[in-house]
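**Q** Below are the sequence and a predicted model for it; my questions follow.
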Amino acid sequence: MSTTRPHTFTTIAELPDPEIIRPEEILQQFENKDIDLICVLGPTASGKTRYAVGLAHALNELRAVRVNAGATNCDSGVKPAGAEILSGDSRQVYRGMDLGTGKDLDEYGDIPYHLIDIVDAGTKFDLYQYQKAFEKAYKDICDRGGIPILCGGSGLYLEAATCGYSIPDVPPSPELRAELEEKSTEELVELLSSLKKLHNKTDIDTRQRTIRAIEIAMWQKEHPVENTCYLPKKTYYIGTLVSREERNRRIDRRLDERIAEGMADEVRRLLDSGVPAENLTYYGLEYKFVTQYVLGILSLDEMKTLLGNAIHQFAKRQMTWFRGMERKGIKIHWGEP
C-alpha cells in the first residue's frame, strides 16, 4: 500500500472559499482540540476513500515525527494510536455485500477501518443503530489517542454522526403496517408528505422504505424527542469533487469492472443464503437492478444501461444533499482530489 500523501486540492471556481488546509494544519488543529473529527465526503466515484487513506498516512507520518521530536505528549511513553477510518456508508456494514457496495478494502492497506462488515446481510441495521455503532467506534479511537476520519457519501448518516442527531429506536407496528399495505404507493407518498418534508427520494425509493418512514414519522409525533445523548463533533469537512463528465465516466468504468468481477454472482450468493429478492432492492441501486438481471427480468445490456443511469442520478442527489448541508451552515472545503 502506497503511503503517498493526498493530492493538493485545486480551486473550483464556482465554489466559494475553496481553501484546503494541509495535513500539517489539520494535525495541529486536532492536537489543539480545535477539531475532534475529520470528515471526508463526496458523491460516488469521486475518490473519497483513496483521499481519506492518503490523508491518514500523511497524518501518521507527521505525528510520528512530532512524537520522536517530543512535540506530542505521550503518557508513560505510550505512543498514541494513528489515524483510523470510520465508514459513513449506509450499506457497507453488511457482510457479503462487497462489490455492490463498493467496499474496495484493498485501498485501506494498513489503515484500520471501522463500521464495515459488522452485520449479516438481511439483518435490520437502520440509522439509529448506525449512530450507536459510530459513537462506540469513535470513542474507542479517541480513547486510544487516535485521529478519527469519517469517510462516506451517505449524507444523512454523515450528519447523524457529526451533528449529534437525536434518532429514536422506533419499534415496528404490525397493525399500522397492515393498514398501510392497503394503500397505493401514491397514497403512501402523499401521507408521508403530510407528516414530514421530503428532502430527497430516499424515503420513497420503495414501498418498504415509505411505510417505514411513515411509521417513524407517526411515532415521533406521539413521542417527541427532547434531547440527544450524542454531542455534535467539532468536524473539519473535506469534500472530494470531480466534474460531472469525469464522474460519470468513472461510474461507468467502475460498473463494468464490478460486473466483470462477479457482482451477479454476489447477488446469487445472497439469494442462496436466504436473503429475499425484495429485500435486496432495499440495499441500493446495484442490488435492485442486478437482482432483476439474475431473475431474468432484465437482459445484461438493459441492466447495465438502467443501473448506470440510475447511479448517475444518485450522484447528483448526493451533491444536492451536500449543498443542503452547506445551506444549514456546515462548511465543506471542496476540491478535486
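**A** The structure has been received and is ready for your questions.
**Q** Only C-alpha atoms from now on, for both contacts and neighbour counts.
**A** OK.
**Q** what ranges do the strands span in the stretch 101-250 of the chain?
**A** 113-114, 119-120, 147-152, 235-240 (DSSP state E, counting those that start in this stretch).
**Q** For those, please prepare a markdown table with the additional fields distance to Glu25 and mean pLDDT.
**A** Listed next are the strands of the stretch 101-250 of the chain as a markdown table, based on distance: least, CA to CA, whole Å; pLDDT from 0 to 100:
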| stretch | distance to Glu25 | mean pLDDT |
| --- | --- | --- |
| strand 113-114 | 23 | 98 |
| strand 119-120 | 36 | 96 |
| strand 147-152 | 14 | 98 |
| strand 235-240 | 11 | 95 |
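**Q** So which of the ones you listed is the most surrounded?
**A** strand 147-152 (a mean of 25; mean count of other CA atoms under 10 Å).
**Q** That one - contacts with which helices or strands?
**A** strand 37-41, helix 48-68, strand 83-87, helix 127-143 (3 or more CA pairs under 8 Å, 6 or more residues apart in numbering; DSSP states H and E).
**Q** how does it look with 6 Å?
**A** When contacts are defined as 3 or more CA pairs under 6 Å, 6 or more residues apart in numbering; DSSP states H and E, strand 147-152 sits against strand 37-41, strand 83-87.
**Q** ok, it: who's next to it in the sheet?
**A** Strands that pair with strand 147-152, judged by DSSP bridges, come out as strand 37-41 (parallel), strand 83-87 (parallel).
**Q** For the residue nearest to Gly164 when sequence neighbours are not counted, give me its contacts.
**A** The shortest distance from Gly164 to any non-neighbouring residue, by CA to CA, 6 or more residues apart in numbering, is to Pro232 (4.3 Å). Shown in contact with Pro232 (CA atoms under 6 Å, 6 or more residues apart in numbering): 162-164.
**Q** how about stretch 253-270: buried residues?
**A** 255, 259, 263-264, 266-268, 270 (16 or more other CA atoms under 10 Å).
**Q** what's the closest of those residues to Glu215?
**A** Leu270 (27.6 Å; CA to CA).
**Q** Give me the distance between that closest one and His57.
**A** According to CA to CA, to the nearest Å, Leu270 stands 35 Å off from His57.
**Q** can you check Lys48 too?
**A** 14 Å.
**Q** And Leu156, by the same measure?
**A** Distance from Leu156 to His57, by CA to CA: 27 Å.
**Q** Between the two, which is the more surrounded one?
**A** His57 (24 against 18; other CA atoms under 10 Å).
**Q** For that one, give me the pLDDT.
**A** The per-residue pLDDT reported for His57 equals 96.
**Q** Please apply the same query to the one 10 residues further on.
**A** Looking at Val67, its pLDDT stands at 82.
**Q** Find the centremost residue of this protein, please.
**A** Asp89 (2.5 Å; CA atoms, centre = their mean).
**Q** right, and that one touches Gly152 too?
**A** Yes. Here Asp89 lies in contact with Gly152, judged by CA atoms under 6 Å, at a distance of 5.2 Å.
**Q** Name the residues of the lengthiest helix in the chain that are buried.
**A** In the chain, with assignment by DSSP state H, the single longest helix is helix 300-327. Neighbour-count burial for helix 300-327 flags 303-304, 307-308, 311-312, 314-315, 317-322, 325 (criterion: 16+ other CA under 10 Å).
**Q** Helix or strand next in line after that helix, which one?
**A** On the C-terminal side of helix 300-327, the nearest following helix or strand under DSSP states H and E is strand 332-335.
**Q** re the thing from before, next, give me the two most distant ones among the buried residues of helix 300-327.
**A** The widest separation within the buried residues of helix 300-327 (CA to CA) is 32.6 Å, between Met303 and Met325.
**Q** Now do Thr4, the pLDDT please.
**A** At Thr4, pLDDT is 43.
**Q** if we can go back for a sec, most surrounded residue in the contacts of Pro232?
**A** Thr162 (23 neighbours).
**Q** Distance of Lys132 relative to Leu115?
**A** 11 Å.
**Q** Let me fix that, I meant to ask about Leu285.
**A** 21 Å.
**Q** what residue ranges in the protein score low on pLDDT?
**A** Judged by pLDDT under 70, the chain has its weakly predicted residues at 1-21, 71-78, 166-169, 199-202, 205, 223-229.
**Q** Could you chop it up by domain?
**A** Following automatic domain parsing, one gets these domains for the chain: 23-166+232-243+319-335, 174-222, 246-314.
**Q** Setting aside sequence neighbours, what's the nearest residue to Phe30?
**A** That would be Asp36: by CA to CA, 6+ apart, it lies 5.9 Å from Phe30.
**Q** What degree of burial does the one you found show, as a neighbour count?
**A** Quick note: Asp36 (other CA under 10 Å) scores 18 neighbours.
**Q** CA atoms only for whichever strand or helix holds Glu257, dumped as CSV, please.
**A** Assigned by DSSP H and E, Glu257 belongs to helix 244-261. What follows is helix 244-261 as a C-alpha-only set of coordinates in CSV (Å, rounded to 0.1, in the frame of the first residue of the first chain):
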residue,chain,number,x,y,z
ARG,A,244,-19.9,15.6,-13.8
GLU,A,245,-18.4,14.3,-17.0
GLU,A,246,-15.5,12.7,-15.3
ARG,A,247,-17.6,11.4,-12.5
ASN,A,248,-20.0,9.7,-15.0
ARG,A,249,-17.0,8.2,-16.8
ARG,A,250,-15.7,6.8,-13.5
ILE,A,251,-19.1,5.4,-12.6
ASP,A,252,-19.5,3.6,-16.0
ARG,A,253,-15.9,2.2,-15.8
ARG,A,254,-16.3,1.0,-12.3
LEU,A,255,-19.7,-0.6,-13.1
ASP,A,256,-18.1,-2.5,-15.9
GLU,A,257,-15.3,-3.6,-13.6
ARG,A,258,-17.6,-4.8,-10.9
ILE,A,259,-19.8,-6.7,-13.3
ALA,A,260,-16.7,-8.4,-14.6
GLU,A,261,-15.6,-9.2,-11.1
